[in-house]
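In: structure for this input, please:
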Amino acid sequence: MFAMFGAGALLAVVAPSGRSARWSSMVAALLGTIFAVSLAALVLLEGHAWSLHLAGVLEPLGGVALTVDSLGAVFLGIVGLTGAPAAVYALGYVRSLDTQPRGRMIHAVFNLFLASLCLVPAAGNVLTFLVAWELMALTSYVLVVSDPTSDDGARAGLWYAVMTHAGFAALLAAFLTLAGGGATDFASVRAHASTLPSSQLTLVFVLAIIGFGSKAGLVPLHIWLPRAHPAAPSHVSAVMSAAMVKLGVYGALRLFFDLMPPGPGWWGGVVLAAGVTTAIAGVLYSVADTHAKRLLAYSTIENIGLIFVGVGFALLMRGYGYAELATMGIVVCLLHTVNHAAFKTLLFLGAGAVIHGTHSASLESYGGLLRRMPQTAVFMLIGALSLAALPPLNGFPSEWLTFQMLVAGVGQSASQLAILLPLAVAGVALTAGLAAVSAVRLFGITFLALPRTPGAASADEAPRTMRLAMAFPALLSVALGLAPSLVVPRLALVATDLGLAPARLNAGLALALPAVGSRYQPLLLAGLIAAAAALTLVLVSRRIGRRSRHADDAWNCGRLIHSPRAEYTAASFAEPLGRVFAGFYRPTQQIRIEVHPVSRYFVRSVGYQGTLAPWLEQVFYVPVVAAVRRMARRAGRLQTGSIQFYLALLPAALVALLLLSTWLR
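Out: Predicted coordinates for the structure are as follows:
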């Protein structure tokens, strides 16, 4: 696996031509992801961990240790299943960069990025984990800022660098506290963590939420995500959204359920509340945004919130002693992680194909693409239906299980659960409804009605390799929707390996939850939907066949020509929700009306411009940025240009460090 990624990075640099560099590096990346999926499948099917310890590499720090257990195998498989179509997609998507040096750079760093993503869930000690985490951050940063002509990419890279390194600092402090200066292998860390007092464990919990939450995109640590995803190339955005942010979930599960002893129930309440808040905030922004990839980035934030609802529920139930429900939370969390990886890969690749064909990233520039990009439209329809959590596609089973587990938790005896969990059910229900609106808006505004710009009118279907790449996550979304019961037992084994109680959530090909007495049979439901659709088609065709046909112009309300200006736009579609949630969006509006000079009752044109105030950024980050700038201006006064002044600062700094070290002792 790592040999293929290394070869891909090397071939991207030394290949004789840009075309050969693209093909050789992406084929190597594809092979590397296939090996990653093979290793993950081997571990999950056989039930035995795979490990390798290279003691001679970085020996003073404990060496490099690799261990792929069942939990790591799930996330390693996610990296492989998302990286493989992304590598195939890049063959057609970045063809225009064959003559540019940065094309080779993107191919090489993309291979290193995939290698780092595979290394994180395979890490077996603290050193390996932190090195892989930092390598993942650095390679993804380079890909985010890979377009030198984009100012947005530079700003996104700055926000991403600041947030990811702040998260890294929090993780470093958390792991140092858990290790306590001793051995850094996970077994030793686990043993030492069991001896720590509750105050230090609580500190580690807070640091972990900051570190892993900033990578996953928990609100308010999400600020980098809607900036970085649109700036990166589309195949990179797909991997970042479908795989990289999920490693924040992996880190939280590894720390909370493996390395740390069980904590109090309020830990779960905090994570659950953060998940619900993140889901609601993400879906509200995804409904209103008009940038195709930024919309999907906000949708990723929403789904990360739903995943952390499962994590928080598991922590909550374990804290209150409901072991079987805790297992249900882990299974639901992992199932939605896998499902979201599949359909979000599809949606980002589809959005990239639309941008490639229309040369625009704005939903307002689309329309009528169903006729011009029919295959891409079918793939995007599958992704949109999965995003809306409609059966029988894969977004439905995990969201259905999320509702079922919350309802099961409400029925327990603890009074705190009777207050917290109904609020969580309401939040998840609101999120699910708004997600369906966002999916309808994404597909309808893009592919239906008439083209609204010349770019949409002249759009071409995506190249064959891009369509082939989209076909794989589309088939995976359908398969996971029709047969989730084939995946759930393996995910339940992951929870068992983490020390939780065994729980059976499937009965044959159906999902069954004895705690609430509910059952979901996806194949039966899919058959009923197909039969209803076929019956409707037959009845409509027979009714039309009996009538005599007469061709004439349709009634158009007195208009001579139907214009795209009469269609819904992305902004107008979301405008009613903007009014309902005006307190959240805090919109600013500018209306310009031009009237005829003869009479003000004859309106020549109406111009409307509306923007959404990013108040979360204004509340949390604007004061911090202002304070940093003030400190930088004051520090800048030290740059006097005098070498004598600079030399005088050295002994002052040494004295300050001496006093600090004495105080710390």
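
In: give me the three-state assignment for the closest residue to A457 other than its chain neighbours.
Out: Distances taken as Cβ to Cβ, 6 or more residues apart in numbering place P451 nearest to A457, at 4.0 Å, with adjacent residues excluded. Quick note: C-beta positions are derived from backbone N, CA and C, even for glycine. Of the three states, P451 takes coil under DSSP: H, G, I helix; E, B strand; the rest coil.

In: so P451 makes contact with I445?
Out: No: P451 lies out of contact with I445 (Cβ atoms under 8 Å); the separation is 11.8 Å.

In: shared neighbours of these two, anything?
Out: The overlap between the contact sets of P451 and I445 (Cβ atoms under 8 Å, 6 or more residues apart in numbering) consists of 366-367.

In: the two: who's more crowded?
Out: Higher neighbour count among P451 and I445: I445, with 25 against 20, using other Cβ atoms under 10 Å.

In: wait, what's in contact with that one?
Out: 363, 366-367, 568-570, 573 are the contacts of I445 under Cβ under 8 Å, 6+ apart.

In: inside helices: which ones of these?
Out: Among these, DSSP state H puts 570, 573 in helices.

In: any idea which of the contacts of I445 is closest to G180?
Out: Set against G180, the nearest of the contacts of I445 by Cβ to Cβ is L363 (52.1 Å).

In: isn't the closest one right next to L442, touching?
Out: Yes: counting by Cβ under 8 Å, L442 is a contact partner of L363 at 7.5 Å.

In: so for these two, which sits in the more crowded spot?
Out: A side-by-side neighbour count of L363 and L442, using other Cβ under 10 Å, places L442 first with 28 against 24.

In: now the helix or strand where the more buried one lies: how far from the chain's centre is it?
Out: In the assignment (DSSP states H and E), L442 maps to helix 415-447. Taking Cα atoms, centre = their mean, to the nearest Å, the mean C-alpha location of helix 415-447 is offset from the chain mean by 17 Å.

In: buried set for that helix?
Out: By neighbour count on 16 or more other Cβ atoms under 10 Å, the buried set for helix 415-447 is 417, 420-421, 424-425, 427-428, 431-432, 434-439, 441-447.

In: just the mean pLDDT for it, thanks.
Out: Here helix 415-447 scores 91 as its mean pLDDT.

In: packing partners for whichever helix or strand comes after that helix?
Out: Scanning forward in sequence from helix 415-447 by DSSP H and E, the next helix or strand is helix 454-457. Here helix 454-457 is seen to pack against helix 369-372 when contacts are counted using 3 or more Cβ pairs under 8 Å, 6 or more residues apart in numbering; DSSP states H and E.

In: ok, 10 Å please
Out: helix 323-358, helix 369-372 (3 or more Cβ pairs under 10 Å, 6 or more residues apart in numbering; DSSP states H and E).

In: go through the ones you listed and pick out the most buried.
Out: Each of the helices and strands packed on helix 454-457 was scored by mean neighbour count; the highest is helix 323-358, a mean of 27, by mean count of other Cβ atoms under 10 Å.

In: quick one, that one and helix 415-447 angle?
Out: Interaxial angle, helix 323-358 versus helix 415-447 (axes from the mean of the first three to the mean of the last three Cα atoms, to 10 degrees): 20 degrees.

In: so what's the gap between helix 323-358 and the chain middle?
Out: 7 Å.

In: can you give me the strands for this protein?
Out: Taking DSSP state E as the criterion, the chain carries its strands at 50-54, 64-68, 506-507, 510-513, 518-520, 587-595, 603-612.

In: quick one: mean pLDDT for the third one?
Out: What that stands for is strand 506-507. 71.

In: how many residues are close by the nearest residue to A15 once chain neighbours are set aside?
Out: Leaving out its chain neighbours, the residue that sits closest to A15 by Cβ to Cβ, 6+ apart is A21, at 3.7 Å. Using other Cβ under 10 Å, A21 has 22 other residues around it.

In: what residues does A21 make contact with?
Out: By Cβ atoms under 10 Å, 6 or more residues apart in numbering, the residues touching A21 are 8, 11-15, 97-98, 103-104, 107-108.

In: ok, now A274?
Out: Taking Cβ under 10 Å, 6+ apart, one finds 209, 213, 218-221, 305, 308-309, 311-312 in contact with A274.

In: equivalent analysis for Q416, please.
Out: Neighbour list for Q416: 265-266, 269, 316, 320 [criterion: Cβ under 10 Å, 6+ apart].

In: tell me the spacing between it and A273.
Out: Applying Cβ to Cβ, to the nearest Å, the value for Q416 to A273 is 12 Å.

In: what of S398?
Out: Distance, S398 to A273, using Cβ to Cβ: 20 Å.

In: now swap in L647 and tell me
Out: From L647 to A273 the distance is 53 Å (Cβ to Cβ).

In: for these two, indicate the residue with more neighbours.
Out: Legend: neighbour count by other Cβ under 10 Å for L647 and A273, higher for A273 (17 against 9).

In: wait, what's in contact with the more buried one?
Out: A273 touches 308-309, 312, 420, 423-424, 427, counting by Cβ under 10 Å, 6+ apart.

In: go again with 8 Å.
Out: Neighbouring residues of A273 by Cβ under 8 Å, 6+ apart: 312, 420.
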